[in-house]
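J.: Dropping a prediction and its sequence here:
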Amino acid sequence: MAFFKQRGSFSMPEEKTKIDGDAYVGENGQAAQKSSSASPSKSPSKPRGKLVSTRVRLLDGTEWDTSIEKKSKGIDLLDKVSDHLNLLEKDYFGFTFTDHHGVDTWLNLEKRISKQVKGPSEFNFQVKFYPPDPSQLAEDITRYQLCLQVRRDILTGKLPCSFVTHALMGSYMVQAEIGDYDSKEHTDISYLQDFAFAPNQTF
């Protein structure tokens, strides 16, 4: 830091003592001031836009609340949900919402959400495109989300199937959730009562 000081008759530099703020005094008792040159000011950070509370119903039946900027596009919401789920292969997924006519509509990921949704920001996270060969998917979490979608579509009747298929899908579900059958632990069918396999299911 450069300092302005009074000229004197000494050739040696003056010893300086700080007295307050930017003022200094030398051996001759005369005050000197710090240079008033200031460091360049930083440009102000870009203010965030207005935040909108958003609720997303996930495929496992849970609801996730988050906030997005009012100017956000659908792809921004997909990025947030994918980060929340640790989902990398997100191109297969999207969102539906209920429009003012009561019709379920796909959210356009390339447009602003505020231009498409008039009302509460509530969305259903869903599979939009099924891969031709699920075994080629790189991530287990992606396959898991696809299975959740198939199970939901069967339970709601959107994906009709035979009794045999219901039984087969149900067995896969139980296997995935609780593992192998144990005759000592699973003594009756009560361990299945919390699993839903088909629409209007009864035990």
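T.: Structure received. Numbers count the residues shown, from 1 in each chain.
J.: what are the ranges of the strands in this structure?
T.: Using DSSP state E, the strands of the chain run over 17-20, 23-25, 31-33, 51-57, 63-69, 93-98, 104-106, 122-127.
J.: In space, not sequence, find me the middle residue of the protein.
T.: Nearest to the geometric centre of the chain sits residue 80, at 2.5 Å (Cα atoms, centre = their mean).
J.: And for the spatially closest residue to it that is not a sequence neighbour, the neighbour number?
T.: Spatial nearest neighbour of residue 80, chain neighbours left out: residue 66 (5.9 Å); criterion: Cβ to Cβ, 6 or more residues apart in numbering. For every residue, glycine as well, the C-beta is placed using N, CA and C. When neighbours are counted by other Cβ atoms under 10 Å, residue 66 registers 15.
J.: repeat for residue 49
T.: Here the count is done by other Cβ under 10 Å, and residue 49 has 11 residues near it.
J.: Likewise for residue 63?
T.: Neighbours around residue 63, by other Cβ under 10 Å: 9.
J.: got any ranges where this structure has weak pLDDT?
T.: Along the chain, the model assigns pLDDT under 70 to residues 1-48, 190-191, 194, 197-198, 200-203.
J.: Alpha carbons of stretch 109-119, as PDB, please.
T.: The C-alpha trace of stretch 109-119 is given here as PDB (Å, rounded to 0.1, in the frame of the first residue of the first chain):
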ATOM      1  CA  LEU A 109     -39.800 -29.200 -20.400                       C
ATOM      2  CA  GLU A 110     -38.600 -26.500 -22.800                       C
ATOM      3  CA  LYS A 111     -41.200 -23.900 -21.700                       C
ATOM      4  CA  ARG A 112     -41.600 -21.900 -18.600                       C
ATOM      5  CA  ILE A 113     -43.700 -23.600 -16.000                       C
ATOM      6  CA  SER A 114     -45.600 -20.400 -15.100                       C
ATOM      7  CA  LYS A 115     -46.800 -20.300 -18.800                       C
ATOM      8  CA  GLN A 116     -48.300 -23.800 -18.600                       C
ATOM      9  CA  VAL A 117     -49.600 -24.100 -15.000                       C
ATOM     10  CA  LYS A 118     -52.300 -21.800 -13.700                       C
ATOM     11  CA  GLY A 119     -52.800 -22.600 -10.100                       C
END
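J.: residues in contact with stretch 106-126?
T.: The contact list for stretch 106-126, computed with Cβ atoms under 8 Å, 6 or more residues apart in numbering, reads 52-59, 68, 70-75, 77-78, 81, 93-100, 104-105, 128, 149.
J.: Kindly report the same for stretch 142-152.
T.: Outside of stretch 142-152, the residues within contact range by Cβ under 8 Å, 6+ apart are 59-60, 85, 87-89, 92-93, 126-127, 130-131, 134, 137, 158-159, 169, 173, 176.
J.: at 10 Å what do you get?
T.: Contacts of stretch 142-152 with the rest of the structure, by Cβ atoms under 10 Å, 6 or more residues apart in numbering, involve 58-61, 85, 87-93, 124-128, 130-131, 134-135, 137, 139, 158-159, 161, 169-170, 172-173, 176, 196-197.
J.: CA atoms of it as PDB?
T.: C-alpha atoms of stretch 142-152 as PDB (Å, rounded to 0.1, in the frame of the first residue of the first chain):
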ATOM      1  CA  THR A 142     -33.500 -46.000 -13.400                       C
ATOM      2  CA  ARG A 143     -34.800 -49.600 -13.600                       C
ATOM      3  CA  TYR A 144     -36.300 -49.200 -10.100                       C
ATOM      4  CA  GLN A 145     -38.200 -46.100 -11.200                       C
ATOM      5  CA  LEU A 146     -39.500 -48.000 -14.300                       C
ATOM      6  CA  CYS A 147     -40.700 -50.800 -12.100                       C
ATOM      7  CA  LEU A 148     -42.600 -48.400  -9.800                       C
ATOM      8  CA  GLN A 149     -44.300 -46.900 -12.800                       C
ATOM      9  CA  VAL A 150     -45.400 -50.300 -14.100                       C
ATOM     10  CA  ARG A 151     -46.700 -51.300 -10.700                       C
ATOM     11  CA  ARG A 152     -48.700 -48.100 -10.400                       C
END
